[in-house]
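K.L.:
Next come a sequence and a model predicted from it.
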Number of protein chains: 2
Amino acid sequence: MYGAGDVRVETVPDPVLQQPTDAVVRIVRSCVCGSDLHPYHSLPASEQGTPMGHEFLGVIEDLGQEVSGFKRGDLVVAPFAYSDNTCVFCREGLHTSCLNGGFWAVGGVGGAQAEAIRVPQAQGTLVKLPVNEDSELLPSLLTLADVYGTGYHAAKQADVNARTTVAVIGDGAVGLMAVLSARRLGAERIILMGRHEDRTKLGVDFGATDVVPERGSEGVERVRELTGGEGVHAVLEAVGYMNSYETAVGVVRPGGVISRVGVPQYEDAPIGFGSLFGPNITLTGGPAPVRAYIEELLPDVLEGRVEPGRVFDRTIGLERVPDGYRAMDGRTALKVLIQP
Amino acid sequence: MYGAGDVRVETVPDPVLQQPTDAVVRIVRSCVCGSDLHPYHSLPASEQGTPMGHEFLGVIEDLGQEVSGFKRGDLVVAPFAYSDNTCVFCREGLHTSCLNGGFWAVGGVGGAQAEAIRVPQAQGTLVKLPVNEDSELLPSLLTLADVYGTGYHAAKQADVNARTTVAVIGDGAVGLMAVLSARRLGAERIILMGRHEDRTKLGVDFGATDVVPERGSEGVERVRELTGGEGVHAVLEAVGYMNSYETAVGVVRPGGVISRVGVPQYEDAPIGFGSLFGPNITLTGGPAPVRAYIEELLPDVLEGRVEPGRVFDRTIGLERVPDGYRAMDGRTALKVLIQP
């Protein structure tokens, strides 16, 4: 990406091992993330450009000497942050704060919207998948790289259970995965706030019991009506804009939780007596440590009990990635799968 | 209080029953709260004045027809918010959001810095104390009205346990009660941030293992040093100013919790990627539902296992309440006990 709206497909040198803890993976499936749309809207123009993409599964092509437990030819999935899986934060399940970790497409590490990628901390980062690269499960397995684990993080951080009334803000892929996750954790009342009918329909398939297309104060009022005036125990905020935060504050119940996984496009926001403090609202969330959740979520995907891959509604080759961004930005595609 | 710095002791009509759910209590002990200093600094001048005080224990003098379980002459303690103890929020332990509740000294209800007070929702609000009004335990029992329960709320909301490293911001009565509460919940490392030596000494008695008198970035650096650079799992913020919030963000560990019980003197604050979101910090707290904690905390006080009443370092009569405010504001008294 060379600036807002300027996505180009270019030939770059093939990635090679740089550290003994690296692997090189040939990418089998990748995709475009809702969070990729933030730089797509606002990245300052530059001459060198920046690689893009942080979700992939693929086949190991090369392995550093210190990587054990894998072999060339293994099909693997990677979380959207690499991590050693051994440091004090990883051991607590917070892989996004790994002392030796980092994010794709920055600091000399490539992006996943590519044919291949160098994987730092490969042993801690990669998870072997017990399927072949022609498996029909690949789209669902790819969601373990980010959106499924991110939606799950929102629900886990909010401590969703059978007694929890939930509102999910946003009908993008992460919002829909938050619905799926809340349902998986037992929630029986899940209100999806979104206005794209094809998406909210999928949300209902995933477990949403109510859909609120209204936004702003009207949407807040509608959720309050649906909850006897009390508001919901847990708000899973999967957008990241200030008005989504305001909606979250508006619909949450006294003593409830706002769990954010949409990357905030603001820094300061109301948290004083009149918003969070007075009614004892808890604010939680952040970049999901999806690595912590892959093993837990994998069996349901492999056995077909959940089909998170249904969020992909278009498949393209690498050469059409600029179209993929346009389609997601224009809301004509929910989530674009890339098959290099 | 007739305005900032203007506290007067005046004769007002005796409180009487107004609702069948009311009681009238003769006040035996009351006190001045750190949070009373906020209006003491900033209340606009007015001609009618506002009653003050929200912490008391006393003897029931009169009871409405719908109040059962109590009789005239009972010694009782009241939390700083009255509540019916039966509504949906009370049943969840969030008495400060009671549908029929409210706060002292507003809306036609008197303040506790007085000889007597009308208690709405008396049956849900009052807790009988099994001691006489000449008991030496009265100061400690009075802390159940606010500061002990408030410090305990901070620690409970932060889920403090034996594996939790804790920082307490503020060496006022609530901060010291947060230390005591963290210790009671098993925390083995409790860093008290405060610079008043007589108070931090008491904090050490209550369980603080380290004292950091430095403030601002120096204080943050010191706490980071004490925790191997990682920061603390739980920050109990017992002040309420913006710089305390900034210190909390500075000392908290990735994945940690900031639990606020100091009433925020700000509305907007940083909560975006660069502060809370990136490192997955949870922000929690609010006005403590101390009613929910009284029965739990009472036995330790009655049996002398904890002595929260040690936060009172001066006792005055009603006529000297203006001096009490001055002493607490000037930091020559930690917390002033009132014996009407």
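P.N.:
Perfect, thanks for sending it. Numbers count the residues shown, from 1 in each chain, chains lettered A, B, ... in the order given.

K.L.:
How about the residues of the stretch 101-250 of chain A by chain B?
P.N.:
A:157, A:230 (CB under 8 Å from any CB of the partner chain). C-beta here means a position set from N, CA and C on the backbone, and glycine is covered the same way.

K.L.:
Return stretch A:245-264 as PDB; C-alpha atoms alone will do.
P.N.:
Provided in PDB are the C-alpha atoms of stretch A:245-264 (Å, rounded to 0.1, in the frame of the first residue of the first chain):
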ATOM      1  CA  TYR A 245     -17.900   3.500  21.800                       C
ATOM      2  CA  GLU A 246     -20.700   6.000  22.600                       C
ATOM      3  CA  THR A 247     -23.300   3.400  21.500                       C
ATOM      4  CA  ALA A 248     -21.500   0.900  23.800                       C
ATOM      5  CA  VAL A 249     -21.800   3.200  26.700                       C
ATOM      6  CA  GLY A 250     -25.400   3.800  25.800                       C
ATOM      7  CA  VAL A 251     -26.500   0.200  25.800                       C
ATOM      8  CA  VAL A 252     -24.500  -1.300  28.600                       C
ATOM      9  CA  ARG A 253     -26.200  -2.200  31.900                       C
ATOM     10  CA  PRO A 254     -25.000  -0.800  35.200                       C
ATOM     11  CA  GLY A 255     -22.300  -3.200  36.400                       C
ATOM     12  CA  GLY A 256     -21.800  -4.400  32.800                       C
ATOM     13  CA  VAL A 257     -18.800  -4.800  30.500                       C
ATOM     14  CA  ILE A 258     -17.700  -3.100  27.300                       C
ATOM     15  CA  SER A 259     -15.300  -5.400  25.500                       C
ATOM     16  CA  ARG A 260     -13.500  -3.700  22.600                       C
ATOM     17  CA  VAL A 261     -11.800  -5.500  19.800                       C
ATOM     18  CA  GLY A 262     -12.300  -3.000  17.000                       C
ATOM     19  CA  VAL A 263      -9.000  -1.000  16.800                       C
ATOM     20  CA  PRO A 264      -9.900   2.400  18.400                       C
END
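
K.L.:
burial count for A:Thr247?
P.N.:
Counted with other CB atoms under 10 Å in any protein chain shown, the neighbours of A:Thr247 add up to 26.

K.L.:
Next up, the contacts around it.
P.N.:
A:169, A:193, A:215-216, A:219-220 (CB atoms under 8 Å, 6 or more residues apart in numbering or on different chains).

K.L.:
Tell me the gap between the helix or strand containing it and the middle of its chain.
P.N.:
Using DSSP states H and E, A:Thr247 sits within helix A:242-251. Centre-to-centre, helix A:242-251 and its host chain are 20 Å apart (CA atoms, centre = their mean, to the nearest Å).

K.L.:
returning to that earlier point: out of the contacts of A:Thr247, which one sits closest to chain B?
P.N.:
When the contacts of A:Thr247 are compared for distance to chain B (CB to the nearest CB), A:Ile169 wins out at 15.3 Å.

K.L.:
isn't the closest one right next to A:Leu236, touching?
P.N.:
Yes. Contact criterion CB atoms under 8 Å: A:Ile169 and A:Leu236 qualify, at 7.0 Å.

K.L.:
who's more crowded, those two?
P.N.:
Taking other CB under 10 Å, A:Ile169 and A:Leu236 do not tie; A:Leu236 has more neighbours (36 against 31).

K.L.:
these two touch, right, that one and A:Ala167?
P.N.:
Yes. Using CB under 8 Å, A:Leu236 is in contact with A:Ala167, at 7.2 Å.

K.L.:
how about the closest residue to A:Arg72 other than its chain neighbours, what does it touch?
P.N.:
Among residues not flanking A:Arg72 along the chain, A:Ile60 sits closest, at 5.4 Å (CB to CB, 6 or more residues apart in numbering or on different chains). Counting by CB under 8 Å, 6+ apart, A:Ile60 touches A:23-25, A:70-74, A:76, A:126.

K.L.:
make it 10 Å
P.N.:
Shown in contact with A:Ile60 (CB atoms under 10 Å, 6 or more residues apart in numbering or on different chains): A:23-26, A:67, A:70-76, A:119, A:122, A:126, A:128.

K.L.:
Run the chain-centre distance for the helix or strand that contains A:Leu297.
P.N.:
Following DSSP H and E, one finds A:Leu297 within helix A:291-302. In terms of CA atoms, centre = their mean, the centre of helix A:291-302 is set 14 Å apart from its chain centre.

K.L.:
ok, now how distant is the most centrally placed residue in chain A from chain B?
P.N.:
The C-alpha lying nearest the average C-alpha coordinate of chain A belongs to A:Val147 (CA atoms, centre = their mean; 2.8 Å). A:Val147 sits 17 Å away from chain B, taking CB to the nearest CB, to the nearest Å as the criterion.

K.L.:
per-residue confidence for that residue?
P.N.:
If you check A:Val147, the pLDDT there is 98.

K.L.:
Ramachandran coordinates for A:Gly285?
P.N.:
Dihedral pair for A:Gly285: phi 110, psi 180, per degrees, to the nearest 10.

K.L.:
List the contacts of A:Val249.
P.N.:
Residues near A:Val249 by CB under 10 Å, 6+ apart: A:220, A:231, A:235, A:237, A:258, A:269-271, A:274-276, A:279, A:281, A:283.

K.L.:
And the helices in chain A?
P.N.:
Here chain A has its helices, by DSSP state H, at A:37-42, A:88-91, A:122-125, A:138-142, A:147-157, A:173-184, A:197-206, A:216-226, A:242-251, A:291-302, A:321-329.

K.L.:
okay but the residue nearest to the centre of chain A is in contact with A:Cys31, surely?
P.N.:
Yes. The criterion here is CB atoms under 10 Å, and A:Val147 meets it with A:Cys31 at 8.6 Å.

K.L.:
Report how many residues lie close to the residue in the stretch 51-200 of chain A that chain B sits nearest to.
P.N.:
With CB to the nearest CB, the shortest gap between the stretch 51-200 of chain A and chain B falls at A:Ser97, namely 3.6 Å. By the measure other CB under 10 Å, the count of residues near A:Ser97 is 23.
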